[in-house]
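Peer 1: what follows is a predicted protein model with its sequence.
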Amino acid sequence: MPPFLGLKIFNDTDLNSIIPLIDWKMYFCAWDLRPSQYTETHKNLEQDSRELLKEIIDKKLLRAAAVVGFFEVQRVGDSLSVLDNDSKEIAKLHFLRQQKSNENGIYLSIADFFNPREKDFIGLFATTAGLGAKEAEQKFIKNNDDYSAIMLGLLADRLAEALTEKLHRDLLGGVGIRAAPGYPASPDHTEKATIWKLLSPEKNIGVSLTESYVMNPTASECGYFAANPGSCYFKLGKIGEDQLADYARRKGMDVKEISSFLC
C-alpha cells in the first residue's frame with residue numbers, strides 16, 4: 001500500500017532539507033565539466049555555487065513545492081488504467097516496450113513494474129524549485145552578473161531533482177524508481193498531459209504545461225513512482241513501426257503527431 005491515496009501538496013519546502021541531495025556530478029555536466037574529475041575549476045565552481053545557495057536561502061530568491069498523488073491502477077498490456085475510489089477509470093497511462101532485448105533477453109516496459117493480475121498502485125509527482133527564478137535571474141542580469149544568473153538557473157534545476165529524490169525517500173523509502181516522460185525509459189512527452197490532469201500542478205503549485213509539453217518554471221520535474229523492488233532504470237532504444245502504430249492507437253493520436261513528441 002502507498003503511504004496515502006489521492007493528492008498531497010508540499011508548499012514552500014525548506015531548501016536546507018534538499019541541498020544535501022544535490023547531484024553535483026550532474027551540475028558539473030551542465031557546465032561541460034567532466035564529473036569523473038575534480039579539478040580546481042570544479043572546486044571554485046562548487047564554492048561559488050554554495051555561496052549563491054546561501055544567498056538564495058537568506059534572500060528567499062527561490063521557492064520549492066511539490067504535488068504528489070497515489071492512485072489505484074489496473075494494468076492492461078503496456079498501459080495502466082487509473083481508477084478512482086469507486087474503481088472507475090479516470091485516466092490512462094501509456095508506456096512503450098524495448099524491441100532490442102537487454103543482456104538477460106528481456107524486453108522491458110515500465111508497465112512491467114505493475115501487477116497484471118490484480119489492482120496495483122502508482123505514484124505521480126510534479127516538483128519545482130524554480131518559483132521566483134525568473135525574477136532573480138533578471139536582477140542578476142540587470143546588474144551585469146550573467147555568471148550568477150546562469151548559476152541560479154542551473155542550481156534551481158538541481159534543487160528540483162533533489163526535491164524529487166527527497167520525496168522518493170520520505171514517502172517510499174527510496175524503493176523502486178522514479179521515471180519521467182521524455183526520459184530514456186518513457187520518451188513520450190505527451191504523457192505529461194495525463195499527469196497534469198490528475199495532479200493539477202498549475203493550480204496546486206504554480207507549474208504550468210505549454211502546448212509543446214514544456215514545464216514552466218523550467219526548473220521543474222514530473223513523472224512516476226514505481227515502488228516495485230524489482231523495478232529498474234533502462235533505455236527504451238529504437239522501436240519499430242508496428243509498436244509505434246499500436247501506441248498511437250492506444251493514445252488516440254496520429255502516428256506522425258506522436259512521433260514528433262518522442263525524444
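Peer 2: Received the coordinates, thanks.
Peer 1: residues touching Ser259, list them.
Peer 2: Ser259 makes contact with Leu244 under the criterion CB atoms under 8 Å, 6 or more residues apart in numbering. In short, each C-beta sits where N, CA and C put it, glycine included.
Peer 1: let's see that with 10 Å instead.
Peer 2: Contacts for Ser259 (CB atoms under 10 Å, 6 or more residues apart in numbering) come out as Asp188, Glu241, Leu244, Tyr247, Ala248, Met253.
Peer 1: hang on, the first one packs against Gln243?
Peer 2: No: between Asp188 and Gln243 there is no contact, the gap being 12.0 Å when judged by CB atoms under 10 Å.
Peer 1: shared neighbours of these two, which are they?
Peer 2: Both Asp188 and Gln243 are in contact with Leu96, where contact means CB under 10 Å, 6+ apart.
Peer 1: compare those two (neighbour count), which wins?
Peer 2: Taking neighbours as other CB atoms under 10 Å, Asp188 and Gln243 compare with Asp188 leading, 21 against 14.
Peer 1: please name the bridge partners of that one.
Peer 2: Applying DSSP bridges to Asp188 yields these beta-bridge partners: Leu262.
Peer 1: how near is it to Tyr247?
Peer 2: Using CB to CB, to the nearest Å, one obtains 8 Å as the distance from Asp188 to Tyr247.
Peer 1: okay, and the common contacts of those two?
Peer 2: His94, Phe95, Leu96, Met253, Ile258, Ser259, Leu262.
Peer 1: mind pulling up the pLDDT for the last one?
Peer 2: With respect to pLDDT, Leu262 has a value of 89.
Peer 1: then the fifth one?
Peer 2: Note for Ile258: predicted pLDDT of 94.
Peer 1: next: Gln98.
Peer 2: 96.
Peer 1: and it, its phi and psi?
Peer 2: phi -60, psi 140 (degrees, to the nearest 10).
Peer 1: low-confidence ranges in the stretch 51-200 of the chain?
Peer 2: Judged against pLDDT under 70, the stretch 51-200 of the chain has no low-scoring part.
Peer 1: and the helices in it?
Peer 2: For the stretch 51-200 of the chain, the helices defined by DSSP state H, counting those that start in this stretch cover 133-142, 146-172, 192-199.
Peer 1: quick one, which of the ones you listed gets closest to Glu55.
Peer 2: With CB to CB, the closest approach to Glu55 among the helices of the stretch 51-200 of the chain belongs to helix 146-172: 8.6 Å.
Peer 1: run the chain-centre distance for that closest one.
Peer 2: Centroid separation between helix 146-172 and its chain, computed with CA atoms, centre = their mean, to the nearest Å, is 11 Å.
Peer 1: and Leu7, that one's in a strand?
Peer 2: Yes: counting by DSSP: H, G, I helix; E, B strand; the rest coil, Leu7 falls inside a strand.
Peer 1: so who does it touch?
Peer 2: Applying CB under 10 Å, 6+ apart, the residues contacting Leu7 are Val67, Val68, Gly69, Phe70, Phe71, Leu124, Leu198, Leu199, Ser200, Asn204.
Peer 1: what about the first one, neighbour count?
Peer 2: To tie it back to what came earlier, the one meant is Val67. Val67 has 24 neighbours, counted by other CB under 10 Å.
Peer 1: what sits closest to it if chain neighbours are left out?
Peer 2: Excluding its sequence neighbours, the residue lying closest to Val67 (CB to CB, 6 or more residues apart in numbering) is Asn204, at 4.4 Å.
Peer 1: list the contacts for the one you found?
Peer 2: By CB under 10 Å, 6+ apart, the residues touching Asn204 are Leu7, Lys8, Ile9, Phe10, Asn11, Ala65, Ala66, Val67, Gly69, Ala126.
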